[in-house]
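Participant: Sharing a model that was predicted from the sequence below.
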Amino acid sequence: QVQLVESGGGLVQAGDSLRLSCAASGRTFVLAWFRQPPGKEREFVSAIKWSRTNGWYADSVKGRFTISRDNAKATVYLQMNSLKPEDTAVYYCAAREDSSISTKFGDYHYWGQGTQVTVSS
């Protein structure tokens, strides 16, 4: 059974940085971050394979967010820089057993409980 535990959310001001962590237990191939802004649908943010160092990003976060993984700690990180009020959302860590990257939340088999990120203007 795969378990995902997120941490690192909080309240910050526009322009600040924040780092989210996702500790994973169990065997998966791809870890991703999604977010759900207030009143909106869940959307893809970034993803990485445990076997690779390069990540995939949504256009809205490209150049500001960086995904990375520490295989020894079974943890994936999302470094978020130059945060904007529109980044405010509940951020979810997700994992899938398939080895290909997907941006669709329906393709992910496991989910964390979510962590709130609030960016004030």
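Facilitator: Nice, I can see it.
Participant: pretty sure residue 77 contacts residue 19?
Facilitator: Yes. In this structure residue 77 lies within contact range of residue 19 using CB atoms under 8 Å: 5.9 Å. From N, CA and C alone the C-beta is placed, and that goes for glycine too.
Participant: ok now stretch 25-42, how far from the chain's centre?
Facilitator: Here stretch 25-42 is found 6 Å from its chain centre; the criterion is CA atoms, centre = their mean, to the nearest Å.
Participant: so how far is the first residue of it from its last?
Facilitator: Across stretch 25-42, the terminal residues are separated by 23 Å (CA to CA, to the nearest Å).
Participant: List the buried residues in that stretch.
Facilitator: Across stretch 25-42, burial judged by 16 or more other CB atoms under 10 Å covers 28, 30-35, 42.
Participant: related to what we said a few turns ago, between residue 77 and residue 19, which has more neighbouring residues?
Facilitator: Set residue 77 next to residue 19 and count neighbours by other CB atoms under 10 Å: residue 77 wins out with 19 against 13.
Participant: Okay, and the more buried one sits in which element?
Facilitator: In the assignment (DSSP states H and E), residue 77 maps to strand 75-80.
Participant: What is the subsequent helix or strand relative to that strand?
Facilitator: Remark: after strand 75-80, the chain's next helix or strand is strand 89-96, criterion DSSP H and E.
Participant: Neighbouring strands of that following strand in the sheet, and parallel or not?
Facilitator: strand 30-36 (antiparallel), strand 110-111 (antiparallel), strand 115-120 (antiparallel) (DSSP bridges).
Participant: Pipe these into JSON lines and attach distance to residue 24 and mean pLDDT per row.
Facilitator: Formatted as JSON lines, the strands paired with strand 89-96 follow (distance: least, CB to CB, whole Å; pLDDT from 0 to 100):
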{"stretch": "strand 30-36", "distance to residue 24": "6", "mean pLDDT": "97"}
{"stretch": "strand 110-111", "distance to residue 24": "8", "mean pLDDT": "96"}
{"stretch": "strand 115-120", "distance to residue 24": "15", "mean pLDDT": "98"}
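Participant: Cheers, nothing more for now.
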